[in-house]
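Asker: coordinates only, no sequence provided:
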Ligand code: HEM
């Protein structure tokens, strides 16, 4: 039943708008051949995913091989598809922490993953795809040089809300259909740091909601790059590394409840039921802020690979853990400046009426090879 209604939803907006599904919060449909040339259909068990999974598998066989020769390999979290759960671990080290030893822990993430789920026992439901990134200061101290591009994250203030800069040293992003495996991984990862080196950390466990909807009720990920080659081209730089934005957003459910659906759609610039793009968008709509204008199907000046997912509880805070990967931090800067209205037109983003940003920073996820240098 659930699969059938999803199929209806998918075919409705997919056929009408030509937009791509399998975005930020959609669970894995098919996986890249770099993780083995298999189809990942068991993950959700929904027949609705079969079409896209097959498509990726046939296309990817060729594309992945072509990339393997060209670019150093990116870490496993960077452009792989989503799973049903993810964990986001945001670590602040103490000023006196031993950088070399802490970098060593991060660089051995795949070993910890293999310990939690031994490769022989790994299947679609159990497997974990993980990657680690570093804040600019930690990166410089660990490698003795800067990342290819400067990726400082500045605090931004706007009329619909602010985006605080909360810093951080090490970040872990891991995806799996088993949230238990992600908890176990986080525990082992955090225990591996030398005693007295971690000042504070935050581990957020996320989930998919109603076939890829954000907790506001809007479908999230419609315009996300979907095919493996597109995701890789957008997310990975020439060195096999990737810049990452993370922000924690707490949704204002009382505001959302009181606003009409028309008003909410005006804030986003898309239809709430099936994500069709509005032809008459406000300049302040989220879509118009992000793509740089109100025209229908406007070409995108910048793209990112979003892997954001809902998190939280009704008795506490709940919202979106926003995470995006890109080959340059400029892509994020353009979008964030326009969201707060810091560019020339000074207009703030409607989505910020529904949700408040409470933390944020940028990271650099080095290539697998560069990460190994710290091990
Ligand atoms: C809680 C905060 C946010 C919510 C609830 C949210 C929600 C949405 C929704 C519903 C869409 C339309 C469907 C889609 O294409 O996915 C969208 C599009 C998009 N959002 Fe967000 N978003 C949030 C924050 C952000 C941030 C911080 C960025 C950038 C740094 C961003 C970047 C994008 C991009 C690139 C698109 C696609 C635009 C297009 O090409 O049409 N979003 N978002």
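Answerer: Nice, thanks for sending it over. On a predicted model such as this, the values are computed, not experimentally measured, just so you know. Residues are numbered from 1 along each chain as shown.
Asker: the helix or strand hosting residue 157 pairs with which strands, and in what direction?
Answerer: Residue 157 belongs to strand 156-158 when elements are defined using DSSP states H and E. Strand 156-158 pairs in its sheet with strand 161-163 (antiparallel), by DSSP bridges.
Asker: now the following helix or strand past the partner strand: mean pLDDT?
Answerer: Where DSSP H and E defines the elements, the next helix or strand beyond strand 161-163 is strand 170-176. The pLDDT scores in strand 170-176 average 99.
Asker: which other residues reach strand 170-176?
Answerer: 77, 80, 82-91, 93, 102, 106, 109, 113, 117, 126-135, 138, 182, 185-186, 189, 244, 246, 307, 323, 363 (CB atoms under 8 Å, 6 or more residues apart in numbering). No exception for glycine: its C-beta is placed from N, CA and C like everyone else's.
Asker: and that strand, which strands flank it?
Answerer: Strand 170-176 has these strand partners (DSSP bridges): strand 85-93 (antiparallel), strand 128-134 (antiparallel).
Asker: which of those strands sits most buried?
Answerer: The highest mean neighbour count among the strands paired with strand 170-176, using mean count of other CB atoms under 10 Å, belongs to strand 128-134: a mean of 26.
Asker: and that strand, how far out from the chain middle?
Answerer: 12 Å (CA atoms, centre = their mean, to the nearest Å).
Asker: can you name the next helix or strand after it?
Answerer: helix 136-143.
Asker: pull the residues that contact that next one.
Answerer: The contact list for helix 136-143 (CB under 8 Å, 6+ apart) reads 93, 99-100, 102-103, 134, 146-147, 150-152, 169-170, 362, 364, 370, 373-374.
Asker: quick check: closest non-adjacent residue to residue 304.
Answerer: The shortest distance from residue 304 to any non-neighbouring residue, by CB to CB, 6 or more residues apart in numbering, is to residue 324 (4.0 Å).
Asker: name the residues linked to that neighbour by a beta bridge.
Answerer: residue 245, residue 306.
Asker: let me know whether it touches residue 333 as I believe.
Answerer: No - between residue 324 and residue 333 there is no contact under CB atoms under 8 Å: 12.0 Å.
Asker: of those two, give the one with the bigger neighbour count.
Answerer: residue 324 (24 against 19; other CB atoms under 10 Å).
Asker: got the contact list for the more buried one?
Answerer: 244, 245, 304, 305, 306, 307, 308, 332.
Asker: burial count for the last one?
Answerer: Think residue 332. 22.
Asker: quick one: it and the ligand, what's the gap?
Answerer: Residue 332 is 5 Å from the ligand, where distance means CB to the nearest ligand atom, to the nearest Å.
Asker: residue 159 now?
Answerer: For residue 159, the distance to the ligand - CB to the nearest ligand atom - is 16 Å.
Asker: that residue: neighbour count?
Answerer: Residue 159 has 13 neighbours, counted by other CB under 10 Å.
Asker: also residue 345?
Answerer: Applying other CB under 10 Å, we find 11 residues neighbouring residue 345.
Asker: correct me, but it touches residue 284?
Answerer: No - contact criterion CB under 8 Å: residue 345 and residue 284 do not qualify, at 9.6 Å.
Asker: how about stretch 201-208 and the ligand, any contact?
Answerer: No - shown here: stretch 201-208 not in contact with the ligand (CB under 6 Å from any ligand atom), separated by at least 12.6 Å.
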